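**Q** Please find the sequence and the predicted model below.
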Amino acid sequence: MTIEGTKSVGSATAVDAISASHILYPHQHFSHPDEVIASQTMTTAEKRAILASWASDLHAVESCPELRHPPGVACSIRYQDILSALKALDGREKARKPACTMFG
């Protein structure tokens, strides 16, 4: 076993741990949907999972249903801001996909 091999395995494990932490404990890394969108370390699917979780009625503020208060996040978040972030992710996905052309 070489040191290089050990470092690469450790490095991959560290990246996996960071990614898992973002998904399992998003409140430790993000306080607003814009921060989720701006993350350079997560996939679109991971970002979508966090935002969808925040949009859930489970986190609705009882006296103000247009707000969501995910556990651990200091301030309530507007539901509309979460939806806007999800739409932005959808827009990025559409921009990446090549246009389908038909040859005749």
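**A** Yep, it's here.
**Q** ok, A38 - contacts?
**A** When contacts are counted by CB atoms under 8 Å, 6 or more residues apart in numbering, A38 touches no other residue. In short, each C-beta sits where N, CA and C put it, glycine included.
**Q** pLDDT at it, what is it?
**A** Per-residue pLDDT puts A38 at 93.
**Q** roughly how far apart are it and I50?
**A** 12 Å (CB to CB, to the nearest Å).
**Q** next helix or strand past the longest strand anywhere in the chain?
**A** Using DSSP state E to define each element, the chain has its longest strand at strand 64-68. Reading on from strand 64-68 to the C-terminus, the next helix or strand found by DSSP states H and E is strand 77-78.
**Q** Would you map the helices across the protein?
**A** Secondary structure of the chain by DSSP state H: the helices cover 3-24, 33-38, 44-55, 79-96.
**Q** rank the ones you listed by mean pLDDT and give me the bottom one.
**A** Ranked by mean pLDDT, the helices of the chain end with helix 3-24 at the bottom, a mean of 52.
**Q** So S31 sits against V73, correct?
**A** Yes: checked against CB atoms under 8 Å, the pair S31 and V73 is within contact range at 5.6 Å.
**Q** Show me what counts as buried in stretch 83-91.
**A** Using 16 or more other CB atoms under 10 Å as the test for burial, stretch 83-91 gives A85, L86, L89.
**Q** The longest strand of the chain pairs with which strands, parallel or anti?
**A** Within its sheet, and counting by DSSP bridges, strand 64-68 is paired with strand 60-61 (antiparallel), strand 77-78 (antiparallel).
**Q** average pLDDT across the first one?
**A** When pLDDT is averaged over strand 60-61, the result is 94.
**Q** Sounds good, over and out.
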